[in-house]
Structures are given as structure tokens and as C-alpha cells.
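Asker: Sequence and predicted structure, then a few things I'm wondering about:
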Amino acid sequence: MGTITYYVRDGKNTLRGIKLTLCCEEDFQYLKNSGVSMLRRLRLRRFLKEAMSQGVKLSYRDLSLLLLASKATLKRDLKADAIRKD
């Protein structure tokens, strides 16, 4: 449905563009059946997986900007889903 190019700084402080799926068909079902918080957690997992597959680690700052959520909320979501960000 919708992808974006998100730019992150690598270890050499240069910008690197990665592709992230911002919205897909599955999102609509999650929103309808489970609500906004579950949709955020779905997207969080997806962003981390897509970034990792492109050799990039997203920071809490990156995730906060992408998901419009606080660092505390993201940490809570990661803990609830037993996901390690690193």
C-alpha cells in the first residue's frame, strides 16, 4: 500500500536511505479488530524487521518520529511483545 524512504545516519555520520512499509492491507484489519495500540505494535515490529534486513538499527528517536509515540510507550510495547530493539 505505502512505503517510504527513511534516512538514518550510519556509523560514518552519512545519511542512508532505507525502505519502510508505512501502511499495508494487514494494518486495516489490525485497526478494525484490535485498535490503535495493537496497530502501533504491529508497525513497530515491521519497521524493526525491515530495517534489520537492510542492515540498519533504528533508534528510539527514529521510531518515535515514525510512530508518533514516546520512548516510554515504545519501550513498553517492545517489552510486551518480548522484542529486543538491539
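Answerer: Structure's in. What do you need? Source: prediction; values computed, not measured.

Asker: Specify the beta-bridge partners of residue 23.
Answerer: residue 2 (DSSP bridges).

Asker: just checking, it touches residue 30?
Answerer: No. Counting by C-beta atoms under 8 Å, residue 23 does not reach residue 30; the two are 11.0 Å apart. Just so you know, the C-beta spots here come from the backbone N, C-alpha and C atoms, and that holds for glycine as well.

Asker: Comparing those two, which residue is more hemmed in?
Answerer: residue 30 (18 against 13; other C-beta atoms under 10 Å).

Asker: Please pick out the residue of this structure most distant from its centre.
Answerer: Within the chain, the residue lying farthest from the chain centre (C-alpha atoms, centre = their mean) is residue 12, at 22.7 Å.

Asker: and that residue, that one's in a strand?
Answerer: No. Looking at residue 12 with DSSP: H, G, I helix; E, B strand; the rest coil, it is coil, so not inside a strand.

Asker: quick one: it and residue 6, what's the gap?
Answerer: Going from residue 12 to residue 6 by C-beta to C-beta, to the nearest Å gives 18 Å.

Asker: Please enumerate residues in contact with the lowest-mean-pLDDT helix or strand in the chain?
Answerer: Taking mean pLDDT, DSSP states H and E as the measure, the chain has helix 25-34 as its least confident helix or strand, at a mean of 90. Outside of helix 25-34, the residues within contact range by C-beta atoms under 8 Å, 6 or more residues apart in numbering are 1, 38, 39, 42, 43.

Asker: how does it look with 10 Å?
Answerer: 1-2, 21, 24, 36-43, 46 (C-beta atoms under 10 Å, 6 or more residues apart in numbering).
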